[in-house]
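1. Sequence plus the predicted model coming up.
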Amino acid sequence: MASYTNLDKGPLHHLPVELIREIGSKLATPRELVNFACICSRTNAAIGVVEMAMADIMFQSIETDPKPRVFRFHGPEELYSGNNNGDNSDDSNDDTNDDLLRPHKPILIYAIETGKDIDYIKQCINVYKKNFTDALEGYWYPLRRDLDKYNDRYAQFPSPMFAAAKAGRLDVMQALAECHVSMRGWMNLHKGWKVVRNSEDPINGMIGDEKKGGNAFSAACESKNEYIALWMISNGLWVEWSDIRVAARFGCFQVLETLLNHPDFVHFKRRDAILQIAKWTISSFVADPEIILPLLDDVFHLDADKDEFIQNEIIHRLVRPRPTAENALRMSRVVDFYANWAKPPISGRNIAWAAAFHKIYLDIVKAIISGERWSLGESEEERAEAMDEMFWRAREFESSATVKYLVSLGYKIPSSEHHVHWIAAILGLQPE
């Protein structure tokens, strides 16, 4: 979309309003009409949001066969008609070769994303409400069978509620809610949506919810618009277990606290569900690892129990095979959080052993061995045993980087090691 330029200059600024409107009526698509309206302040005033919204509605009302071939332009009243003459051209590409039929961003979404004032947007909403109600739910291009769709939705563009949540436009969401638009956007419209919350298996419910798109609540949390997520909850949002996971994932502490206190989450499997979310939080790349604490506070009363849970989960994640750089970064953040939260001296023997098997976790090994808050044992004998355990694990998985680091600290390779000469050759060391 064009931006306002030359607001009071150029030949169009001196044309009569009637002539400007006549020019606009001859343009083929809403995209062209909006670009035309944005040329200067006079064209924008002449065209107006109502005209643009009506043009958008007419364009989105085009009906096509799955493999259209011929389209005829008739004008504003009958934008297009088409028929299928047996053409077998590829219809999987949403960006049709016909520029006149290429889907454009709906005017309402454009207005939300570009920060139009609420009066402008309300005018647009009213036009949609009277002439194209499904658009307010995000059902764009409902009759275009040549476009790739999911659950009858053309997902290239978001629902208005999703766009407003992402943009932090509470005023727009309130205006949409007054028109009885589904608060979550697309997600509310899935069959069986409201069955999940009262299911006897909230964990499977969360897995199913994570696969659904268009969740305005998730958009608000991801954009750190917590006030919008809180407004949704306080105004009757049908909350789901996956909402707790979403709040944790994006580090929305206020939202998480509100959800944990929500009466709809009084459930006989609440503890299991919260613990599963806590496990996912540790294993995922969350905005702030500290978000794990409110979840554990809900389940455990003693810090010792929380400590044990976090340690066990860290070890469980570290021993998984074929770690990636992303795994290493994620686990390093979790270990750093744990080191800052737990009371020193922190027993790091088991975590160091788990991390020793792969070079990608070497920084975790280094942090535990050299960190002041960590402990490998109370005695020299215990610390020596911890170093042996790290060595044997590194040897088992051929992590030469870990072995090199241990040797650099003065560690002596055991002389009874069957493959000591192989290790010496790899590391350039002499066996003891």
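-> Yes, it's here. Residues are numbered from 1 along each chain as shown.
2. All the strands of this structure, residue numbers only.
-> 70-73, 80-83, 346-347, 374-375 (DSSP state E).
3. Ranked by average pLDDT, which of those strands falls at the bottom?
-> Mean pLDDT values for the strands of the chain show the minimum at strand 80-83, a mean of 33.
4. The closest residue to R249 other than its chain neighbours: what's it in contact with?
-> Excluding the flanking residues, the one nearest R249 by C-beta to C-beta, 6 or more residues apart in numbering is V286, at 5.3 Å. Every C-beta, even on glycine, is put in place using the N, C-alpha and C of the backbone. By C-beta atoms under 8 Å, 6 or more residues apart in numbering, V286 lies in contact with A248, R249, F250, G251.
5. same thing but at 7 Å, please
-> Applying C-beta atoms under 7 Å, 6 or more residues apart in numbering, we find V286 in contact with A248, R249, G251.
6. Same question for A167.
-> So A167 contacts I112, E113 (C-beta under 7 Å, 6+ apart).
7. ok, it to I112 distance?
-> Distance, A167 to I112, by C-beta to C-beta, to the nearest Å: 6 Å.
8. Please apply the same query to A386.
-> 57 Å.
9. who's more crowded, the two?
-> Under the criterion of other C-beta atoms under 10 Å, the comparison of A386 against I112 puts I112 first, with 25 against 22.
10. Any buried residues in stretch 116-133, and which?
-> K116, I121, K122, Q123, C124, I125, V127, Y128, K129, F132 (16 or more other C-beta atoms under 10 Å).
11. Distance to M331 added to the contacts of V286, as TSV?
-> TSV is the format used below for the contacts of V286 (distance: C-beta to C-beta, whole Å):
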residue	distance to M331
A248	17
R249	16
G251	18
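12. Looking at these, which is nearest R42?
-> G251 (46.7 Å; C-beta to C-beta).
13. Setting the sequence-adjacent residues aside, check what's closest to the closest one.
-> A287 (3.3 Å).
14. circling back to that earlier point, farthest pair in the buried residues of stretch 116-133?
-> By the measure C-beta to C-beta, K116 and F132 form the most distant pair in the buried residues of stretch 116-133, at 18.4 Å.
15. Find the nearest non-adjacent residue to R393, please.
-> According to C-beta to C-beta, 6+ apart, the nearest residue to R393 is A356 (4.5 Å).
16. sorry, that was for L406
-> L406 sits nearest to F391 (C-beta to C-beta, 6+ apart), 5.7 Å away.
17. Surely the one you found is in contact with K404?
-> No: F391 is beyond contact range of K404, at 11.1 Å (criterion: C-beta atoms under 7 Å).
18. Settle it for me: which of these two has more neighbours?
-> Just comparing F391 and K404: by other C-beta under 10 Å the higher neighbour count belongs to F391, 22 against 17.
19. What is the burial count for D363?
-> 16.
20. From V49, how far out is A55?
-> Noted for A55: a distance of 11 Å to V49, by C-beta to C-beta.
21. which of those two has more neighbours?
-> Neighbours per residue, other C-beta under 10 Å: of A55 and V49, the larger number sits with A55, 24 against 21.
22. shouldn't the more buried one be in contact with L33?
-> Yes: contact criterion C-beta under 7 Å: A55 and L33 qualify, at 5.2 Å.
23. By residue count, what's the longest helix in the protein?
-> helix 41-60 (DSSP state H).
24. isn't A247 right up against L259?
-> Yes: at 6.0 Å, A247 counts as touching L259 under the criterion of C-beta under 7 Å.
25. picking that back up, I'd like the buried residues of stretch 116-133 laid out as TSV, including pLDDT and distance to P106.
-> Formatted as TSV, those follow (pLDDT from 0 to 100; distance: C-beta to C-beta, whole Å):
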residue	pLDDT	distance to P106
K116	91	13
I121	96	12
K122	97	16
Q123	95	15
C124	94	9
I125	96	12
V127	94	12
Y128	94	9
K129	95	14
F132	92	10
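26. can those go into CSV with extra columns for distance to F337?
-> CSV is the format used below for the buried residues of stretch 116-133 (distance: C-beta to C-beta, whole Å):
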residue, distance to F337
K116, 41
I121, 41
K122, 45
Q123, 48
C124, 45
I125, 44
V127, 50
Y128, 46
K129, 48
F132, 49
